[in-house]
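Asker: Predicted structure and sequence below. I'll ask about it afterward.
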Amino acid sequence: MWIIIVIDIHIPIHIRIGGTVKAIQMTLDEDLVKAVDRAARRLGTTRSAFTRDALREALRRLAVAGMERRHRRGYEVRPVEKREFSVWEREQEWGEG
């Protein structure tokens, strides 16, 4: 799916998501658009590619944060018991020299 983002200065940004295309409108301040353009030039890429990568990275970070939250909640609901991991203590011994 492609998502077409139209920013304030009416330049479409195509983002590859799957098989179809969807047009949306996004409002970005002019300074942000200029900063994205500078970064894209510096990286030798396009505004669209830069934006796709940034959105994918933001979605990845959200997914990781969600997993970390669930992990933390799991330990809050069921804390580690004393000696729960003691069975592995000998496995951590590397021996002398």
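Answerer: Arrived safely. Being a predicted model, the structure only gives us computed values, none of them experimental.
Asker: Which other helices and strands does the helix ranked longest in the chain contact?
Answerer: Criterion DSSP state H: the longest helix present in the chain is helix 47-77. Applying 3 or more CB pairs under 8 Å, 6 or more residues apart in numbering; DSSP states H and E, one finds that helix 47-77 contacts strand 12-16, helix 30-43. (C-beta placed from N, C-alpha, C; glycine too.)
Asker: by how many degrees do that helix and helix 30-43 diverge?
Answerer: 100 degrees (axes from the mean of the first three to the mean of the last three CA atoms, to 10 degrees).
Asker: residues of helix 47-77 that come out buried?
Answerer: Neighbour counts over helix 47-77 (16 or more other CB atoms under 10 Å) mark 47, 48, 49, 50, 51, 52 as buried.
Asker: hang on, the earlier thing: in CSV: the helices and strands packed on helix 47-77, plus distance to residue 84 and mean pLDDT.
Answerer: Converted to CSV, the helices and strands packed on helix 47-77 look like this (distance: least, CB to CB, whole Å; pLDDT from 0 to 100):
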stretch, distance to residue 84, mean pLDDT
strand 12-16, 45, 52
helix 30-43, 47, 94
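Asker: Adding mean neighbour count and distance to residue 82, write those out as CSV.
Answerer: Formatted as CSV, these follow (neighbours: other CB atoms under 10 Å; distance: least, CB to CB, whole Å):
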stretch, mean neighbour count, distance to residue 82
strand 12-16, 17, 50
helix 30-43, 12, 51
